[in-house]
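1. Sequence first, predicted coordinates after that:
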Amino acid sequence: MIEISNAGQVFGPAGEGGVRALDGINLTIRDREIVTLVGPSGCGKSTLLRLVSGLIPPSEGAIRINGDKVTAPRQDTGIVFQAPTLLPWATIFENVMFPSSIMKRDDAAARERAHELLRVAGIADFADRRPKQLSGGMQQRAAICRALVHNPSILLMDEPFGALDALTREVMTIELLRIWTATPKTILFVTHSIPEAVILADRVVVMSPRPGRIAEIIEVDLPRPRNFALAGHPEFQRCAERIRNLIFGDQGARFDVQH
Ligand SMILES: Nc1ncnc2c1ncn2[C@@H]1O[C@H](COP(=O)(O)OP(=O)(O)OP(=O)(O)O)[C@@H](O)[C@H]1O
């Protein structure tokens, strides 16, 4: 369970000169829940993900995972950024194995898991290539395999499919749900895509413009397993409509969120 209590973040000097990115965030994420985060550009989605990952400490409040205060990156957490951030000099297989290697858990089981993930992601034939020999989409698939290789119980994803073409993006979204069904984990997922936010989530957290606050939390009552055929479902449309109204409904609306 992830507990975000009264978390706030100010970058730079305290007071007038600082940038307040987050204000008074309270959110509890249950085990094996998928929560998506949407909101206008600059509302603090990535910052909130970084606080939960332990990459930066919150200026105010606290993040707890299973009761322990998060003070640094944790072994039970995997993270995927929008850019693949692979090591250019290592092979795809070595990149995927990297978390297991630094945790000194690069045994036969981990290697088998890495091969299996590469198969699922459709890039097994590229295991011995260097990142620059793969397309951007294939590199991103490798980055997702890397985040999953040590079978973390928490997966934090910051617009992981943002740079992919629309078709690959849908395939990867459904693939992520398939992986989640096979090995359930708690997922916090930042996206600019309303359909992606709804199709993945148990709950969608909609954030308001800077300083980022939670505007509303929307429960998505759609059956699982899910696919994009559910876009015609009345519950899908209700959720998507509500998110749109929250984001575009006021004068401060920003148009960088995909309909
Ligand atoms: N390291 C930093 N130093 C100073 N300001 C920062 C830093 N990181 C983020 N910010 C500021 O905090 C605010 C929130 O940024 P953040 O990247 O979390 O927003 P976001 O909702 O993820 O945006 P986007 O949707 O465009 O990716 C922005 O105003 C940004 O300029």
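-> On my side now, so go ahead. A quick note: this is a predicted structure, and the numbers were derived from the prediction, not measured.

2. Break down the stretch 101-250 of the chain into its strands, ranges please.
-> For the stretch 101-250 of the chain, the strands defined by DSSP state E, counting those that start in this stretch cover 154-158, 186-190, 203-208, 213-219.

3. I'd like to know which of these is closest to I243.
-> Nearest to I243 among these is strand 203-208; the distance by C-beta to C-beta comes to 5.6 Å. For the C-beta atoms, the positions are set from N, CA and C on the backbone; glycine is no exception.

4. can you give me the helices for this protein?
-> Along the chain, counting by DSSP state H, helices occupy 45-53, 92-102, 108-120, 136-148, 166-182, 194-200, 234-248.

5. distance of the closest residue to M172 other than its chain neighbours from the ligand?
-> Excluding its sequence neighbours, the residue lying closest to M172 (C-beta to C-beta, 6 or more residues apart in numbering) is F161, at 5.2 Å. Distance, F161 to the ligand, by C-beta to the nearest ligand atom, to the nearest Å: 14 Å.

6. can you pull the contacts of F161?
-> Contacts of F161 were listed using C-beta atoms under 8 Å, 6 or more residues apart in numbering, and they are 140, 168-169, 172-173, 191, 193, 196.

7. Could you do N95 as well?
-> Taking C-beta under 8 Å, 6+ apart, we find N95 in contact with 86-87, 131, 142-143, 146.

8. Could you rerun that using 6 Å?
-> 86-87, 142, 146 (C-beta atoms under 6 Å, 6 or more residues apart in numbering).

9. Once you drop chain neighbours, what's closest to it?
-> Nearest residue to N95 in three dimensions, chain neighbours excluded: L86, at 4.7 Å (C-beta to C-beta, 6+ apart).

10. ok, of the contacts of N95, which come out buried?
-> Using 16 or more other C-beta atoms under 10 Å as the burial test, the contacts of N95 include 86, 142, 146 as buried.

11. my read: the first one touches Q133, true?
-> No: taking contact to mean C-beta atoms under 6 Å, the distance of 11.2 Å between L86 and Q133 leaves them out of contact.

12. hey, what's the most centrally placed residue in the chain bridged with?
-> By C-alpha atoms, centre = their mean, the chain has its centre lying nearest to M157, at 1.8 Å. According to DSSP bridges, the partner residues bridging M157 are V80, F189.

13. Make sure it is actually in contact with I79.
-> No: M157 is beyond contact range of I79, at 7.5 Å (criterion: C-beta under 6 Å).

14. Show me which residues of the stretch 101-250 of the chain sit near the ligand.
-> Contacts of the stretch 101-250 of the chain with the ligand, taken as C-beta under 6 Å from any ligand atom, map to R210.

15. let's see it at 5 Å
-> Contact residues, the stretch 101-250 of the chain versus the ligand (C-beta under 5 Å from any ligand atom): none.

16. Now do the same for G252: its pLDDT.
-> Per-residue pLDDT puts G252 at 42.

17. What is the neighbour count of the residue nearest to E216 when sequence neighbours are not counted?
-> Among residues not flanking E216 along the chain, V206 sits closest, at 5.0 Å (C-beta to C-beta, 6+ apart). Neighbour count for V206, taken as other C-beta atoms under 10 Å: 23.

18. Next, the contact list for V206, please.
-> 38, 215-216, 243, 246.

19. By neighbours, which of these wins?
-> Counting neighbours by other C-beta under 10 Å, V38 leads the contacts of V206 with 27 neighbours.

20. pretty sure that residue is touching A197, no?
-> Yes: using C-beta under 6 Å, V38 is in contact with A197, at 4.8 Å.

21. so where is the stretch 101-250 of the chain shaky, pLDDT-wise?
-> For the stretch 101-250 of the chain, applying pLDDT under 70 flags the ranges 250.

22. Look through it and state the residue closest to the ligand.
-> Using C-beta to the nearest ligand atom, the single residue of the stretch 101-250 of the chain nearest to the ligand is R210, 5.5 Å away.
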